[in-house]
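here's my sequence, what's the structure:
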Amino acid sequence: EAIRLAGKILREKKIPLPATTDWKIGSRVQRLDVEEKVLGTGKYPDDYYPEKMCYGSAVRSQYPRARVLAIDTSKAAALPGVVRVITAADIPGENKVGHLKHDQYSLIPIGGLTHYLGDAIALVVAETPEILEKAKKLVKVTYEPLPAVHNPPEAWAEDAPRVFDEEESNVQAYKHIARGDAETAIQNSKYVISQHFETPWTEHAFLEPECAVSYMDKDGYVMVLSTDQSSHTTLHECELLLGTDKVRVQNQLVGGGFGGKEDMSVQHHAALMTYLTGRTVKVKLTRPESLLIHPKRHPFWMDFTMGCDENGIIQGVKAKVYSDTGAFASLGGPVLERACTHAAGPYNYQNFEIEGTAYYTNNPPAGAFRGFGVTQTCFATETLLNEMADKVGITPWEIRYRNAIRPGQELPNGQIVGSETAFEISSTELKSPGLEIGNPASMTSTPRLSSNLATSIFSVVFNWQPGTCSPSRSVVSKINSFSHII
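You can find the predicted model right below:
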């Protein structure tokens, strides 16, 4: 409906009039938070400075992988202005938190293993930021440095050190999807292309570093003022850490997230500091700390093979992919599932096989990032399609047009698409007068569509049920960069 509306507006060149109460698709309305952001009256956690507020921060590991042999907090605790120094021994509830798997240590205990440079060893609470920084330097930690795991090849090696003492291997998640006979289909194809792809870590680069303010409210609850992407998750994980349900969380304005503020960073530490001291505490990461600590987009290593017939029709695709989920699971499992399930692309073929593995390493964690694993594997598929188009002798647009999923057809993951597919809408609603989509002859007087444009037009997001391949309805994604041919 939104794409049809966009096509109508572009054709008629008539922008809808502003509306104040009508929130249906197509109405022109203001964002609910626009006034407080434009006028500067809205508050982020760092805008709160309650009376008698103190400051908290973590002493972090000096090694990505090391055994913590001793923690001496005596000098830091004796410094005037220090409210308290906290170690794992002071945690009243569960030390480990996490989205789906509780493998993120809130504090590394004596005898425990560090997993990356962002691991917190001790928390310091002080009256001023200046005293806080002095006190952190007085906390003395004795380590036994150990060999670290830097990437998936090191993680899967037979003699690889384990990132976690309590895990049997460095495999964090595994996914295998198979439909039809991809191997035979590829062997019988006229054209076959195999390529290795790698995609890097990606930083969300949100403007606001992580910050939380916590205090004891009038009912005796720990109240956390946070800036994250799920106040419910923060509530559950703080309750787990504190061993009590007397916790409340209130989200303030969020200065950008994009997936990077879904995990615990400062919220649980602030809650613990308030719980143990009774004081109002602000915990805020510096930009370097933020870059180190919060999960990034997963780097992927991918080997793809695609087979097509003489007309460029996909016969089969086979792939193996590996991701680096870093120092704790975060959402590494679901990201891997999405990466594998969507790797086939929005195309109609029935021979598909992909095997994916996510590995723990001693790198910063990887987790949610817009696209959620799909961007990595679809990059490989779409690149192969561009190369295949050259082999067949057709345009990147044409090879996608010939293979694009049509309403009622079945995707390689078993999903049946509905009548609202992007292909159907783009062919009927966003067609330029004089440009017959799919007819190469009609394109002689227009510029050849770039491979990037062709890729963006046929990008479709599917409403897939995690952990299954059961059919469900498809939904439409944005069709980007199409206006210049309308």
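
now Glu353: which helix or strand?
Taking DSSP states H and E as the definition, Glu353 sits inside strand 352-360.

and the contacts of the helix or strand following that strand?
Later in the chain than strand 352-360, the nearest helix or strand by DSSP H and E is helix 374-392. Among residues not part of helix 374-392, those counted as contacts by CB atoms under 8 Å, 6 or more residues apart in numbering are 191, 193, 195, 197, 199, 297-298, 300, 302, 304, 306, 308, 310-312, 317, 319, 321, 323, 338-340, 342-345, 354, 395-396, 398-400, 403, 451, 455, 459, 461. The way it works is simple: take the backbone N, C-alpha and C, and place the C-beta from them, glycine included.

can you map out the helices along the stretch 1-150 of the chain?
Taking DSSP state H, counting those that start in this stretch as the test, the helices found in the stretch 1-150 of the chain are 2-12, 34-39, 74-78, 129-138.

what's the spatially most central residue of the chain in contact with, if anything?
Using CA atoms, centre = their mean, the residue of the chain that lies closest to the mean C-alpha position is Ala368, 1.5 Å off. By CB under 8 Å, 6+ apart, the residues touching Ala368 are Gly259, Gly260, Glu262, Pro295, Ser330, Leu331, Val335.

correct me if wrong: Phe206 contacts Gly256.
Yes. Counting by CB atoms under 8 Å, Gly256 is a contact partner of Phe206 at 2.9 Å.

about what we covered before: tell me the buried residues within the contacts of helix 374-392.
193, 197, 199, 297-298, 300, 302, 304, 306, 308, 312, 317, 319, 321, 323, 338-340, 342-345, 354, 395-396, 398-400, 403, 451, 455, 459, 461 (16 or more other CB atoms under 10 Å).

show me what contacts the nearest residue to Lys96 once chain neighbours are set aside?
Beyond its immediate neighbours in the sequence, the residue positioned closest to Lys96 (CB to CB, 6 or more residues apart in numbering) is His102, lying 4.4 Å away. Applying CB under 8 Å, 6+ apart, one finds that His102 lies in contact with Glu94, Lys96, Leu240.

for those residues, pick the one with the most neighbours.
Note: the member of the contacts of His102 with the most neighbours is Leu240, at 20 neighbours, neighbours being other CB atoms under 10 Å.

looking at it, it is touching His99, isn't it?
No. Under the criterion of CB under 8 Å, Leu240 makes no contact with His99, lying 11.8 Å away.

counting neighbours, what do you get for Met223?
Residues lying near Met223 (other CB under 10 Å) number 19.

same deal with Lys296?
Burial of Lys296 is recorded as 23 neighbouring residues (other CB under 10 Å).

same check, this time on Ala126
Neighbour count of Ala126, defined by other CB under 10 Å: 25.

wait, doesn't it sit right on Ile86?
No. Applying CB under 8 Å, one finds Ala126 not in contact with Ile86, separated by 11.9 Å.

next, the contact list for Glu208, please.
By CB under 8 Å, 6+ apart, the contact set of Glu208 is Tyr44, Asp46, Thr227, Val254, Gly255, Gly256.

isn't the third one right up against Gln252?
The reference is to Thr227. Yes. Assessed by CB under 8 Å, Thr227 is found in contact with Gln252 at 5.6 Å.

tell me how far Pro334 lies from Gln315.
As for Pro334, its distance to Gln315 is 30 Å (criterion: CB to CB, to the nearest Å).

that older thread, the strand holding Glu353 - which strands sit beside it in the sheet, and in what orientation?
strand 171-179 (antiparallel), strand 314-326 (parallel) (DSSP bridges).

avg pLDDT for the longest one?
The pLDDT scores in strand 314-326 average 98.

just checking, next helix/strand downstream of that strand?
Next in sequence after strand 314-326, counting helices and strands by DSSP H and E, comes helix 332-341.

elements contacting that next one?
Based on contacts counted as 3 or more CB pairs under 8 Å, 6 or more residues apart in numbering; DSSP states H and E, the elements that helix 332-341 packs against are strand 171-179, strand 314-326, strand 352-360, helix 374-392.

off-centre distance for the longest one?
Computed by CA atoms, centre = their mean, to the nearest Å, the separation of helix 374-392 from the middle of its chain amounts to 22 Å.
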